[in-house]
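> Sequence first, then the predicted structure, then my questions.
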Amino acid sequence: MLTRKQYDLLMFIHDRLQDTGVSPSFDEMKAALDLKSKSGIHRLITGLEERGFIRRLPHRARALEVVRMPENTEPEALPQRNRRVASIRHREVGTRGSAIRGSADSVQLPLYGRIAAGTPIEALRDHSNQVEVPVGMLGRGDHYALEVDGESMIDAGILDGDTVIIERCENADEGEIVVALVEAEEVTLKRFRRLGSQVGLEPANKMFRTQIYDPGQVDIQGRLVGLLRKY
């Protein structure tokens with residue numbers, strides 16, 4: 001499922017290609033989506049590319065091709081995005097006492113929405129969904145579960161559709177796989193890297209690039225402690 005801005009950008013690119021045959025510039029995309037920086041456009045384009053909606057044509061500047069459209073292209077059918085979701089910080093995923101006792105050997109954790117293993121997307125919160133998790137998979141902290149969307153962590157053994165178990169925390173060690181909140185808007189699952197004065201959110205798939213941010217742009221929401229998979 002596309003976020004509102006991913007959908008808006010895809011439609012803008014599609015309409016421009018239909019009208020002129022030429023991809024819009026990054027400045028035009030930024031203005032059309034009312035974003036403050038081109039970095040947001042880079043993330044949106046990467047997300048659309050990873051999900052197979054667009055393709056970058058090699059050796060040509062500003063060359064994008066729309067490969068496919070969403071199944072439902074009516075904007076009204078998409079959920080409304082929150083604007084600058086600062087309240088997500090420390091609240092959107094995981095709360096104290098969130099685990100519910102299941103059987104003697106398991107607990108029920110809140111299962112929130114799909115998290116991008118490819119590029120940041122909004123984390124959805126739905127208290128009605130629960131997932132049963134073996135007690136031995138959990139430590140002493142607070143935990144929650146997220147369903148993975150995307151293939152950028154496949155070399156770490158995390159596949160599209162897997163359910164990841166996350167321990168809530170605010171800091172991460174070098175190389176840990178974390179849930180990161182980017183620019184108080186979007187959440188992603190990546191490997192955490194310290195790169196001098198900046199931080200990197202590194203995929204585990206050579207097809208995708210590490211996303212580089214200033215430390216103030218990234219808030220750690222939790223670390224990966226387990227994984228569930230259905231066959």
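Right, received. Where do you want to start?

> can we go C-alpha only for contacts and neighbour counts from here?
Fine.

> Now do the domain split for the protein, please.
Domain assignment for the chain, taken from automatic domain parsing, gives 4-70, 86-228.

> got any ranges where this structure has weak pLDDT?
Within the chain, the stretches with pLDDT under 70 are 1, 58-62, 71-104, 117-128.

> Can you give me the buried ones in whichever helix in it runs longest?
Using DSSP state H, we find that the single longest helix of the chain is helix 4-20. Judged by neighbour count (16 or more other CA atoms under 10 Å), helix 4-20 contains these buried residues: Arg4, Lys5, Gln6, Tyr7, Asp8, Leu9, Leu10, Met11, Phe12, Ile13, His14, Leu17.

> now the helices for this protein?
Listed in chain order, the helices of the chain (DSSP H) span 4-20, 26-33, 38-50.

> Could you dump those helices into JSON lines with distance to Gly175 added?
Formatted as JSON lines, those follow (distance: least, CA to CA, whole Å):
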{"stretch": "helix 4-20", "distance to Gly175": "28"}
{"stretch": "helix 26-33", "distance to Gly175": "32"}
{"stretch": "helix 38-50", "distance to Gly175": "22"}
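
> Tell me which of those sits nearest to Leu111.
Proximity of the helices of the chain to Leu111 was assessed by CA to CA; the nearest stretch is helix 4-20, lying at 21.9 Å.

> Just give me how far that closest one sits from the chain centre.
The offset between the C-alpha centroid of helix 4-20 and the centroid of the whole chain comes to 21 Å, using CA atoms, centre = their mean, to the nearest Å.

> name the helices or strands packed onto that helix?
The contact analysis (3 or more CA pairs under 8 Å, 6 or more residues apart in numbering; DSSP states H and E) places helix 4-20 against helix 26-33, helix 38-50, strand 64-66.

> List the contacts of the longest one.
Read that as helix 38-50. Residues external to helix 38-50 that are found in contact with it (CA atoms under 8 Å, 6 or more residues apart in numbering): 5-6, 9-10, 26-27, 29-30, 35, 54-56, 118-120, 150-151, 208.

> about what we covered before: from the domains of the chain, which stretch is densest packed?
Burial of the domains of the chain is given as mean neighbour count (mean count of other CA atoms under 10 Å); domain 86-228 ranks first at a mean of 19.

> Go ahead and measure how far that one is from the middle of the chain.
Put simply, domain 86-228 sits 9 Å off its chain's centre (CA atoms, centre = their mean).

> Good, wrapping up.
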